[in-house]
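**Student:** No letters, just coordinates:
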């Protein structure tokens, strides 16, 4: 049997985008219900269940397609930092909880360090698998990358 430390994991990636950090962060902090308009093939809906949009403690329900399957997830907005354009969601219900004891999604959008316009979006997935036969969520990390590119295209079209 695997120990808890063997079941815990952390995956990270960076995505270079053209949109500003504030624009990208704003989609998740203030307008997550609009994300579906940017990538409907991935996100079909986002509803507020408790609290207020963009406030710590808000509970959101997402309908999305991952690995070709319709999925649902309920998340609590655990942390928000407008100065750092960072937001953290903890998954509390849904399909991911069938395979993971805990699952936290952290996103931070930062100015491009090369001095160019645009941003670097840093995604971090922290999780604990229920058992060692459960795969690490690499495909979900790729989902975040693909969704970031779709949101960027939406935010920068016409510019």
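**Tutor:** Everything's here; your move. Since the model is a prediction, treat every value here as computed from it, not as a measurement.

**Student:** low pLDDT regions in this structure?
**Tutor:** Scanning the chain for pLDDT under 70 picks out the ranges 1-4, 158-159.

**Student:** what's the single longest helix in it?
**Tutor:** Scanning the chain for the longest helix, with DSSP state H as the assignment, gives helix 138-156.

**Student:** Who are the packing partners of that one?
**Tutor:** With contacts taken as 3 or more C-beta pairs under 8 Å, 6 or more residues apart in numbering; DSSP states H and E, helix 138-156 sits against strand 8-17, helix 21-29, strand 59-66, strand 119-129. All C-beta atoms are positioned from the backbone trio N, CA, C, and that covers glycine.

**Student:** strands paired with the third one, and their directions?
**Tutor:** So the one you mean is strand 59-66. Sheet pairing of strand 59-66 (DSSP bridges) gives strand 43-50 (antiparallel), strand 69-81 (antiparallel).

**Student:** Which stretch among those strands is buried most, on average?
**Tutor:** Each of the strands paired with strand 59-66 was given a mean neighbour count from mean count of other C-beta atoms under 10 Å, and the largest, a mean of 16, is that of strand 69-81.

**Student:** which residues are contacting the very next helix or strand once past it?
**Tutor:** The element immediately downstream of strand 69-81 (helix or strand, assigned by DSSP states H and E) is strand 86-94. The set of residues external to strand 86-94 that reach it, using C-beta atoms under 8 Å, 6 or more residues apart in numbering, is 25, 28-29, 59-62, 71-81, 97, 100, 102-109.

**Student:** Go through stretch 21-30 and flag the buried ones.
**Tutor:** By neighbour count, with 16 or more other C-beta atoms under 10 Å as the criterion, the buried positions of stretch 21-30 are 21, 23, 24, 25, 26, 27, 28, 29.

**Student:** next one: stretch 116-130
**Tutor:** When neighbours are counted by 16+ other C-beta under 10 Å, the buried residues of stretch 116-130 are found to be 118, 119, 120, 121, 123, 124, 125, 126, 127, 129.

**Student:** which residues touch the spatially most central residue of the chain?
**Tutor:** Against the mean C-alpha coordinate of the chain, by C-alpha atoms, centre = their mean, the closest residue is residue 105 at 5.4 Å. When the contact criterion is C-beta under 8 Å, 6+ apart, the partners of residue 105 are 75, 88, 89, 90, 91, 123, 124, 125, 144.
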